[in-house]
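> can't give you the sequence, but here's the structure:
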């Protein structure tokens, strides 16, 4: 559980994990130098339950680095991230674990999602539509980009051995690193959706996903810095290419994937051009 200033909902999020029907897990909490009561809340829960391991960064490293640290500090063969403001249904671990243990070809299992508000009331059901069972990695990869909206599946259960071979959340120099990560994970196996609501995504104004068009908020979230993203579309494309090249798929599949990424660049040509314009735009003179 990566967290920064999670005081309003942190206790509820932790309780939802401690109340899992499958009790064999460790909860690694990585506190990104919070300035509110996050540390006190975490210490309180950790003192009562030895499944909780709490770490606090000396400074805010940004979300990308903190998510990566949460993975690196974990040890179990299956892994999931849990936001400090979302709620995990009590059967989430058990149902997802059943799927992963039954089929070694599955790298991610997730349940259906409901969107909740700041008070915990259900706003609407959300169809993730990311059950990717195609045998060809290139087809799973393509379908992922056709279907992805909110990245709720990131909070499903993943096979650690596959996740360890990816670029994780990267270096924080691009927004929406979660999308690139999940796309790369499709190259390692299939995704299974469990037909039961197991995840409750909380949408509120302080959430990082509340307004992805707010570039200042995205920079602060991913990097803990006001510095602008430099060539974000180009960097994202390069990270996606790296993910394809380091994947275990056969050479013919890699060629299909590289061809698909090349087509995506033509679809993104305006964003690519805007990146260059922003990079070389003359600074205003005083």
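Okay, I see it. Note that this is a predicted model, so its numbers are computed, not measured. Residues are numbered from 1 along each chain as shown.
> Any buried residues in stretch 30-42, and which?
By neighbour count with 16 or more other Cβ atoms under 10 Å, stretch 30-42 contains the buried residues 30, 31, 32, 33, 34, 38, 39, 41, 42. Placement of C-beta: from N, CA and C, glycine included.
> and which of the residues you listed is nearest to residue 140?
Using Cβ to Cβ, residue 30 is the member of these that lies nearest residue 140, at 29.7 Å.
> Three-state assignment for the closest one, please.
Per DSSP: H, G, I helix; E, B strand; the rest coil, the secondary structure class of residue 30 is strand.
> so who does it touch?
Residues near residue 30 by Cβ atoms under 8 Å, 6 or more residues apart in numbering: 1, 2, 3, 55, 57, 66, 69, 70, 73.
> hmm, 6 Å instead?
2, 55, 66, 69, 70 (Cβ atoms under 6 Å, 6 or more residues apart in numbering).
> part of a helix, is the fourth one?
Yes - secondary structure of residue 69, determined by three-state DSSP: located in a helix.
> where in the chain is pLDDT low?
For the chain, the stretches flagged by pLDDT under 70 are 205-216, 226, 282-286.
> what are the ranges of the strands in it?
2-3, 27-31, 52-56, 78-79, 87-88, 106-116, 122-126, 157-159, 190-202 (DSSP state E).
> which other helices and strands contact the last one?
Meaning strand 190-202. Judged by 3 or more Cβ pairs under 6 Å, 6 or more residues apart in numbering; DSSP states H and E, strand 190-202 is in contact with helix 92-102, strand 106-116.
> re the thing from before, using JSON lines, please lay out the buried residues of stretch 30-42 together with distance to residue 62.
Formatted as JSON lines, the buried residues of stretch 30-42 follow (distance: Cβ to Cβ, whole Å):
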{"residue": "30", "distance to residue 62": "12"}
{"residue": "31", "distance to residue 62": "13"}
{"residue": "32", "distance to residue 62": "8"}
{"residue": "33", "distance to residue 62": "11"}
{"residue": "34", "distance to residue 62": "14"}
{"residue": "38", "distance to residue 62": "16"}
{"residue": "39", "distance to residue 62": "19"}
{"residue": "41", "distance to residue 62": "22"}
{"residue": "42", "distance to residue 62": "19"}
